[in-house]
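> Sequence first, predicted model second:
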Amino acid sequence: MSTRAELKHRGKAAFKSNYWKTVLVAAILSLLTYSSSLPRGSSDSSSEGLSETTRMLADPASALSTNSQLVAGFFVGIGLTALVVIAVLGILIGVLLVLPLQVGCQRFLFLNLREPANVREVLWAFDSNYLNIVKVMFLKNLKIFAWALLLVIPGIVKAYEYRLVDYLLAENPALSSAEACEQSRTLMDGNKWNAFVLDLSFIGWNVLSYLTLGLVGLFYASPYENSTNAALYEALRYGNDQASALPEK
């Protein structure tokens, strides 16, 4: 595997050679990653509201009449139903829209290592075995989530183990979930710690991005880091044979 300095040099050179497009794609990828990490519902607040309403309805000293209690209960039911619908829609959007866009962004970043890529690659997954990409990405995230429920550390380990699934799908969208996860696991075997240290090497940039209200991250750190991650995949999969690292258009 290439050294950390070599990976970062390759990533930096790639994004600078196609600067504005890489900045745009990295911004899209960051937004997608952020949106997929948002909670899909407000279960705590809705439970709180329900409990408060229940207490109110059960309070014999309440000034509400029977009819007003029924009206209040009706609106609580409407509110809870709306929360459930919003949560379901959030999950559907995440699965059907966000996941394939993530694969498209990684495809752009991977292609951009060799030659300036076009932003249209971001939409590539929607016309390239779309349903399989959605299924594989969903199952990947589900596996990581399931491991994270057991303990935090196993979840982190699995996240690194399946780190390359997106890139593998960007090259071969016909891969099954088992094939993609197994190939990623094989490539990351013995390299998870190196990938972790590579991530740590960007902490300074992330802090600087925070201090500048995200400006450094938007225009430099994020495209730099994402391009370096693509270079990591390229190095692990192809080694020095980078001429083979271009998926079919």
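Nice, I can see it.

> What segments of the protein are helices?
In the chain, the segments counted as helices under DSSP state H are 4-17, 19-36, 43-58, 66-93, 99-111, 130-150, 152-161, 165-171, 177-188, 192-200, 203-211, 215-216, 222-238.

> weakest of those helices by average pLDDT?
The weakest mean pLDDT among those belongs to helix 43-58, with a mean of 47.

> returning to what we had before: now the helices of the chain in a markdown table, with distance to residue 124 and mean neighbour count?
Every residue, glycine included, has its C-beta placed from N, CA and C. Shown next, in a markdown table, are those (distance: least, C-beta to C-beta, whole Å; neighbours: other C-beta atoms under 10 Å):
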| stretch | distance to residue 124 | mean neighbour count |
| --- | --- | --- |
| helix 4-17 | 18 | 18 |
| helix 19-36 | 12 | 17 |
| helix 43-58 | 35 | 12 |
| helix 66-93 | 19 | 13 |
| helix 99-111 | 5 | 26 |
| helix 130-150 | 9 | 17 |
| helix 152-161 | 24 | 16 |
| helix 165-171 | 8 | 25 |
| helix 177-188 | 16 | 18 |
| helix 192-200 | 25 | 15 |
| helix 203-211 | 28 | 13 |
| helix 215-216 | 29 | 15 |
| helix 222-238 | 15 | 24 |
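
> Residue 123: which of the ones you listed is closest?
Residue 123 sits nearest to helix 99-111 of all the helices of the chain, at 5.7 Å, using C-beta to C-beta.

> before we move on, the earlier item: kindly reformat the helices of the chain as JSON lines containing distance to residue 122.
Output for these, formatted as JSON lines (distance: least, C-beta to C-beta, whole Å):
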{"stretch": "helix 4-17", "distance to residue 122": "15"}
{"stretch": "helix 19-36", "distance to residue 122": "6"}
{"stretch": "helix 43-58", "distance to residue 122": "32"}
{"stretch": "helix 66-93", "distance to residue 122": "16"}
{"stretch": "helix 99-111", "distance to residue 122": "4"}
{"stretch": "helix 130-150", "distance to residue 122": "13"}
{"stretch": "helix 152-161", "distance to residue 122": "23"}
{"stretch": "helix 165-171", "distance to residue 122": "11"}
{"stretch": "helix 177-188", "distance to residue 122": "20"}
{"stretch": "helix 192-200", "distance to residue 122": "23"}
{"stretch": "helix 203-211", "distance to residue 122": "22"}
{"stretch": "helix 215-216", "distance to residue 122": "23"}
{"stretch": "helix 222-238", "distance to residue 122": "13"}
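
> Between those helices, which one is closest to residue 117.
helix 99-111 (4.1 Å).

> helices or strands next to that closest one in the packing?
helix 19-36, helix 130-150, helix 165-171, helix 222-238 (3 or more C-beta pairs under 8 Å, 6 or more residues apart in numbering; DSSP states H and E).

> how far out from the middle of the chain is stretch 130-147?
Centre-to-centre, stretch 130-147 and its host chain are 11 Å apart (C-alpha atoms, centre = their mean, to the nearest Å).

> Fine, thanks again, bye for now.
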